[in-house]
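Q: Return a 3D structure for these sequence lines:
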Amino acid sequence: MARLLLLLVLIGGICAAAAASSPLLPAAETMRVSFAGKSEFRTVNRKPLGTCLDPSPYLEISVSTGGAPLPDEAFLNVTVSGVRRPDRSHWLAMITPSNSSVLGCPLNGVNYIETGDLASLPLLCHYPVKAQYLTSDPGYLGCKASACQKRRASGTCKVRTCAATLAFHVINFRTDVEFVLFSGGFATPCVLKRSGALPFANPAKPLHGHLSSVDSKATSMRLTWVSGDARPQQVQYGTGKTATSVATTFTHKDMCSVAVLPSPAKDFGWHDPGYIHSALMTGLQPSQSYNYRYGSDSVSWSNTTKFRTPPAAGSGELSFVVFGDMGKAPLDPSVEHYIQPGSTSVAKAVAAEMQTGKVDSIFHIGDISYATGFLVEWDFFLHLITPLASQVSYMTAIGNHERDYAGSGSVYPTPDSGGECGVPYESYFPMPASGRDKPWYSIEQGSVHFVVMSTEHEWSEKSDQYNWMEMDLSSVDRSRTPWVIFIGHRPMYSSSSGIPPSVDPNFVSSVEPLLLNHKVDLVFFGHVHNYERTCAVYQGSCKGMPKKDAKGVETYDNSNYAAPVHAVVGAGGFNLDGFPKIGLHSWSLSRISEFGYARVHATKTDMLVQLLEKNITCLNSQFCLLSKL
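A: Residues are numbered from 1 along each chain as shown. Modelled structure (predicted):
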C-alpha cells in the first residue's frame, strides 16, 4: 500500500511583504428567471423624511466627481459646507436608491440586532449603505475650514460657516446614490440637506465575475457575474470560444419574514440585485490557464482576466485555500452593517499568495458576505473577492448567516440570515448542488475527494442530506482520490463557548459516525472565529495522538485508521473568538485566535496543511504533522 502522508502545519504569521462537461441547470432548478425589470420595492414603505427645524440656508453638499456620473469604483470626497453651528450629532449617509426617502424608524434597531449586529447604526426606515459623522473630519468642530457667507458694510464677516470633507468608497451597485446630511445622530435623525441623485455612468456594466467548478473532470468552469441588464450576455474565452449566459434575479417577495416584524431582506435592508448572469465554459483542459472576458457590445465588456482550471480527479497534486466567516469591511472610515475587520487583510493575503501560481482553488465554508438581509452588502463582498474568485475556482458552503430564519425550514430557527433564507447565496454562488435549496455536493480535485454539506439543512439520520452523505462517502474510490476531506460550517468540536453553543450535540451524534465509518481523513469547519485543531478524535475521545520530533513536528501515525482530525478555520474576517484559560478538552491540541486561512497541498502520498495568520510581523512557527503510514 502506498505510504500516505498528511502534513498539518501551523505557521504563526507571515511577513506583510510576503504574503465530460455539465450543462447549465434549467432555470427552475437554480433560480426563477425574471426579465420583468427592477423590483417594485421603490413603491413600498415610502414616507417623507423629517426636516430639521431652521436649517442653515447656506448648506451645500458637493461631490468630487464634479457633476459627472459615478464610475464603477471611486473614492469620493464629499464636502458639506455652509454649516453655521457644527455639532457632534451631524452625520452624512450614502443612500441608494436616491428616492429612498423615509422617516427615522427607531424600531429598526431590532432588525440590526436580530442578525447579530450590535453596532450603533443609523435607524432610518431604509438602510443607509454607509454613514459617517462629520467629526470624521478632525477640523469640523473647530471650524478649520470656514467661509464668509455675508459681510458687514465695514467688510468684516457677519456670517461665517464651516465645512467638512469626508471620503466615501463607492462601487457600481446599479441604482443611483444620494448623500443626505442629518442632524440628531443615528437614533433620532432629521434631514438638513440632500445632494440630489448621482447616477452611475453604466448601471448595466457586467461586474464581479467569479468562477466555480461544475464537476470533477475540470474540463468545464462556470462563470457568474452581475449586471443591471437582463438580456443574455457572453463570456469569450480561450482561442475564440464563447458561451451565452442565463440571467436570473430575485425580488423582496422571495425573501423570508415573519408577520410581526418584517425581516431586513423583506423591508428596509432590501436593494435590487439587478441580474445575476451565469455561463458555462466548456472544452477546457485540467490545470491549464485561459484568458476570458464577459459582457456584450450593448452593455460593455469586462477587462480580460486569466484563470486556471483545477487539476482533474485522480491527478497528482492539488493546492487549495480554505477559510470560513470572511464577510467584508469598508475601505473608508464609514460605519456599515456588520463589519468583519479581518476580511480585507485576509483577502489581500490570499491574493498575494495566488500570484505565486500555487493556488488551484478556494473553499469558503460558510458565512460568506454577512449581508444578512442588507442586500447591497453582497455587491461589496463580490467586489472584495473578485481578485481571488476571478482567477481560480471559488467553492462555497452555506452558513447560518446565509440560511437561517424562523419558519424557513432551517434546522436552526434563529434570524441569522436577516430573511435571505439562502436565496441570494444560491443565486450568487451556484454550486454543483443536489437541487434547489439542497446546497450539498461533492467534488474531486487532484488526489482529494471533497464532501461539502449544509449544517443548516436537516442532517438527521434518514434525511435527504444524510442519505446523500452516506451514499457519496460509500462511493469514494481511494485508488483515485486517497484523501477524503469533509467540509461544513458549524463544527463538531470547539473549545470556544457561546450562546447559543457553537456545537450541537445532536449534529455530532448523527453525522460523526459517518466520518469514522468511511475513514474521513480531515474535517474543516468554520462558525467559530478562530483556529483549533484536534487529535484524531471520535465521541470526544482521542483515538490517535501525534508524536513530536526534535523540530517540533507532530506526526500522526495512521497505519491503522483511528479517527478524523478536525480543524476549525473560521478566522477569515469576523471578530475573533478567544479560548477559555482553564478546563480545556484533551482533544484540543492547537488553538490560535488570529485572522488567517489554511493552505493545503496534497499529492497521492502526502498532504501538507498550513494555517497562515495575518499579522503585521512574522511570528515563530509551530509545526504539526498528520500522516497516514
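Q: any weak-confidence spans in this structure?
A: 1-50, 101-102, 551-556, 558-559, 613-629 (pLDDT under 70).
Q: Map the structural domains onto the sequence of it.
A: 40-198, 311-626 (the TED database).
Q: Next, format the ones you listed as JSON lines and append mean neighbour count.
A: Using the backbone N, CA and C atoms, a C-beta is placed for each residue, glycine as well. Below are these laid out as JSON lines (neighbours: other C-beta atoms under 10 Å):
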{"stretch": "domain 40-198", "mean neighbour count": "18"}
{"stretch": "domain 311-626", "mean neighbour count": "21"}
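Q: do you know which of those domains lies nearest L211?
A: Shortest distance between L211 and these, using C-beta to C-beta, is found for domain 311-626: 5.3 Å.
Q: Tabulate the domains of the chain (a markdown table), appending distance to L223.
A: Supplementary listing: these in a markdown table, determined by distance: least, C-beta to C-beta, whole Å:
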| stretch | distance to L223 |
| --- | --- |
| domain 40-198 | 18 |
| domain 311-626 | 9 |
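Q: among these, which is nearest A218?
A: A218 lies closest to domain 311-626 among the domains of the chain, at 4.4 Å (C-beta to C-beta).
Q: how about the domains of the chain, which one is nearest P232?
A: Nearest to P232, of those and by C-beta to C-beta, is domain 311-626 at 16.2 Å.
Q: Check what contacts stretch 462-470 and list those residues.
A: 434, 438, 440, 451, 453-454, 457-460, 510-511, 514 (C-beta atoms under 8 Å, 6 or more residues apart in numbering).
Q: at 10 Å instead, please
A: 411, 434-435, 438-442, 451, 453-455, 457-461, 486, 488, 510-511, 513-515, 517-518 (C-beta atoms under 10 Å, 6 or more residues apart in numbering).
Q: Could you list which of those belong to strands?
A: 441-442, 451, 486 (DSSP state E).
Q: could you dump the residues you listed to CSV with distance to L375?
A: Output for the ones in strands among the contacts of stretch 462-470, formatted as CSV (distance: C-beta to C-beta, whole Å):
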residue, distance to L375
Y441, 25
S442, 30
V451, 31
F486, 31
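Q: can you tell which of the domains of the chain is closest to R231?
A: Across the domains of the chain, closest to R231 is domain 40-198 (C-beta to C-beta), at 14.6 Å.
Q: how long is stretch 127-143 end to end?
A: One end of stretch 127-143 to the other measures 30 Å (C-alpha to C-alpha, to the nearest Å).
Q: just how off-centre is it within its chain?
A: 27 Å (C-alpha atoms, centre = their mean, to the nearest Å).
Q: Same question for stretch 318-338.
A: Worked out by C-alpha atoms, centre = their mean, stretch 318-338 lies 6 Å from the chain centre.
Q: Over to stretch 392-406?
A: The answer for stretch 392-406 is 9 Å, by C-alpha atoms, centre = their mean.
Q: now stretch 275-288
A: The answer for stretch 275-288 is 22 Å, by C-alpha atoms, centre = their mean.
Q: What of stretch 437-453?
A: 19 Å.
Q: Let's see it as PDB, backbone CA atoms only.
A: Coordinates of the C-alpha atoms in stretch 437-453 are reproduced here as PDB (Å, rounded to 0.1, in the frame of the first residue of the first chain):
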ATOM      1  CA  ASP A 437     -32.400  24.600  -1.600                       C
ATOM      2  CA  LYS A 438     -30.300  21.500  -1.300                       C
ATOM      3  CA  PRO A 439     -26.800  23.100  -1.200                       C
ATOM      4  CA  TRP A 440     -24.700  20.000  -0.500                       C
ATOM      5  CA  TYR A 441     -22.400  18.500  -3.100                       C
ATOM      6  CA  SER A 442     -19.100  16.600  -3.600                       C
ATOM      7  CA  ILE A 443     -16.300  17.300  -6.000                       C
ATOM      8  CA  GLU A 444     -12.900  15.800  -6.600                       C
ATOM      9  CA  GLN A 445      -9.800  17.800  -7.400                       C
ATOM     10  CA  GLY A 446      -6.400  16.100  -7.700                       C
ATOM     11  CA  SER A 447      -6.000  13.500  -5.000                       C
ATOM     12  CA  VAL A 448      -8.800  14.800  -2.800                       C
ATOM     13  CA  HIS A 449     -12.500  13.900  -2.600                       C
ATOM     14  CA  PHE A 450     -14.400  16.800  -1.000                       C
ATOM     15  CA  VAL A 451     -17.700  16.300   0.700                       C
ATOM     16  CA  VAL A 452     -19.400  19.700   1.300                       C
ATOM     17  CA  MET A 453     -22.500  19.600   3.500                       C
END
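Q: What's opposite the residue nearest to A567 when sequence neighbours are not counted in the beta bridge?
A: Spatial nearest neighbour of A567, excluding adjacent residues (C-beta to C-beta, 6 or more residues apart in numbering): R533 at 4.9 Å. Taking DSSP bridges as the rule, R533 bridges to A567, S590.
Q: Out of the contacts of stretch 462-470, which sit inside helices?
A: Of these, the ones assigned to helices by DSSP state H are 510-511, 513-515, 517.
Q: Return the closest of those residues with respect to T603.
A: Distances from T603 to these, taken by C-beta to C-beta, are shortest for L515, at 22.7 Å.
Q: which one is that closest one nearest to, not counting chain neighbours?
A: Here the residue nearest L515, using C-beta to C-beta, 6+ apart, is P564, at 5.0 Å.
Q: Output the contacting helices and strands for the host helix or strand of H401.
A: Per DSSP states H and E, H401 falls inside helix 400-403. Applying 3 or more C-beta pairs under 10 Å, 6 or more residues apart in numbering; DSSP states H and E, one finds that helix 400-403 contacts helix 423-428.
Q: May I have the one helix or strand E353 maps to exported as PDB, CA atoms only?
A: Taking DSSP H and E as the definition, E353 sits inside helix 343-354. C-alpha atoms of helix 343-354 as PDB (Å, rounded to 0.1, in the frame of the first residue of the first chain):
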ATOM      1  CA  SER A 343     -11.700  40.400   5.900                       C
ATOM      2  CA  THR A 344      -9.600  42.800   3.800                       C
ATOM      3  CA  SER A 345      -6.300  41.700   5.100                       C
ATOM      4  CA  VAL A 346      -7.100  38.000   4.600                       C
ATOM      5  CA  ALA A 347      -8.400  38.600   1.100                       C
ATOM      6  CA  LYS A 348      -5.200  40.600   0.200                       C
ATOM      7  CA  ALA A 349      -3.000  37.800   1.700                       C
ATOM      8  CA  VAL A 350      -4.800  35.200  -0.400                       C
ATOM      9  CA  ALA A 351      -4.500  37.400  -3.500                       C
ATOM     10  CA  ALA A 352      -0.800  37.800  -2.900                       C
ATOM     11  CA  GLU A 353      -0.400  34.000  -2.500                       C
ATOM     12  CA  MET A 354      -2.200  33.400  -5.700                       C
END
